[in-house]
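[1] here is the input, now give the coordinates:
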Amino acid sequence: MLKAVKIYGLLFACILFYFFSYTYLKQEREKFLEHNFMDYTLPSKFTGPASLEFKGLASDFLLFKFMAFLGGRVEDISKNDPKYQKYTYQSLDTITDLDPYYWDAYLFSEMFLAWGGNPKGANKILEKAKKYRENDYRPPWYIGFNHYYFLNDNKTASKYLMEASKLPGCPYYIASLAARLSLYSFQHSNGIIFLREMLKNTTDKRAKKEFELRIAALEILEHLENKITKYNTIFKKFPESLEDLVTNGLIDSIPDDPYGGKFIIMSNGRVFTTSKMLMNRKKQPQQ
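    Sure, this is the predicted structure:
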């Protein structure tokens, strides 16, 4: 009898020990996970072969896992912790390697990387979308936007937006935006050539008028800058104003900005327009 009591007592003690140990370890695990980052996505060179012919399913699963993991950490992600950026890039890079046509993954790269402080990482992944989704204007459009908005690189942004505007389904105004960015980066010739090509390939009357207007403005800017270069060659300095070009016979008169603004010379000898190539309502062309 005494032996049975000891056995039951020992068993009860073991159960209590297990219960309290499990509760303690569970609490400690939750505390640890709360303050430490414990997730990782294997690169595609491992997950690809392991997925066999089910790469599409694997990419779906990984995207679901990615969204579930980050969904509970929105507050932490908003703090721009580098470890979340690294995990996000690793996950989306692997997912798009497994299924390079998976648009949702590319969209998330724009949402979580570009807007999360890593536009270069987003662009690197979007380059895959551009390679595999050849007739989709969105990859070069997003890359161009990231260069313009996040990286302050108007020249590169213009290049990608021009590329996007030539693809099926791209809104016509993307071409005009690309031309405006070429203005900001002083690539007037590129903008003119691009817009002329777009003019030949559009039947939209509104788009034609807008392209013609931008071409006219860019041609004036290019002409004035060529004259400023000539002035600098002759007088070894930039003119203080466009009136100096008229006074010295390099131009007959200061041209009007088709958008209703005013052309001015900047300190580096470039010409800018106060209209920023945006139409003044009083000078809207007749429809």
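[2] any idea where the strands of this protein begin and end?
    Using DSSP state E, the strands found in the chain span residues 263-265, 271-273.
[3] now the ones you listed as JSON lines including distance to residue 127 and mean neighbour count?
    (Glycine included, C-beta is placed from N, CA and C.) Formatted as JSON lines, the strands of the chain follow (distance: least, C-beta to C-beta, whole Å; neighbours: other C-beta atoms under 10 Å):
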{"stretch": "strand 263-265", "distance to residue 127": "38", "mean neighbour count": "17"}
{"stretch": "strand 271-273", "distance to residue 127": "32", "mean neighbour count": "19"}
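[4] for residue 104, find the nearest of those strands.
    strand 271-273 (41.1 Å; C-beta to C-beta).
[5] sheet-wise, list the partners of that closest one with their directions.
    Strand pairing for strand 271-273, determined by DSSP bridges: strand 263-265 (antiparallel).
[6] give me the contacts around the strand it pairs with.
    220-221, 224, 228, 238-242, 254-255, 257, 271-274 (C-beta atoms under 8 Å, 6 or more residues apart in numbering).
[7] spell out for me the ChimeraX command that would select the buried members of those.
    Listed next is the ChimeraX selection for buried residues among the contacts of strand 263-265, using 16 or more other C-beta atoms under 10 Å:
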select :220,221,224,228,238,239,242,255,257,271,272,273
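[8] looking at the contacts of strand 263-265, which are in helices?
    Using DSSP state H, the subset of the contacts of strand 263-265 located in helices is 220, 221, 224, 228, 242.
[9] quick one: low-confidence ranges for the chain?
    Scanning the chain for pLDDT under 70 picks out 1-58, 60-84, 184-187, 190, 194, 197-198, 201, 279-287.
[10] quick one, helices of it?
    Under DSSP H, the chain gives helices at 2-35, 44-51, 55-71, 74-77, 82-98, 103-108, 119-132, 138-149, 154-165, 173-184, 188-200, 205-235, 242-247.
[11] related to what we said a few turns ago, so which of the contacts of strand 263-265 is the closest to residue 188?
    Here the nearest of the contacts of strand 263-265 to residue 188, counting by C-beta to C-beta, is residue 221; it sits at 5.2 Å.
[12] measure the closest one to residue 191 for me?
    9 Å (C-beta to C-beta, to the nearest Å).
[13] any residues in contact with both of those two?
    Shared contacts of residue 221 and residue 191, counting by C-beta under 8 Å, 6+ apart, come down to residue 183.
[14] show me the contact partners of stretch 116-129.
    Contacts of stretch 116-129 (C-beta under 8 Å, 6+ apart): 77, 80, 84-85, 88-89, 92-93, 96-97, 100, 103, 105-106, 109-110, 113-114, 136, 138-139, 142-143, 146-147, 150-151.
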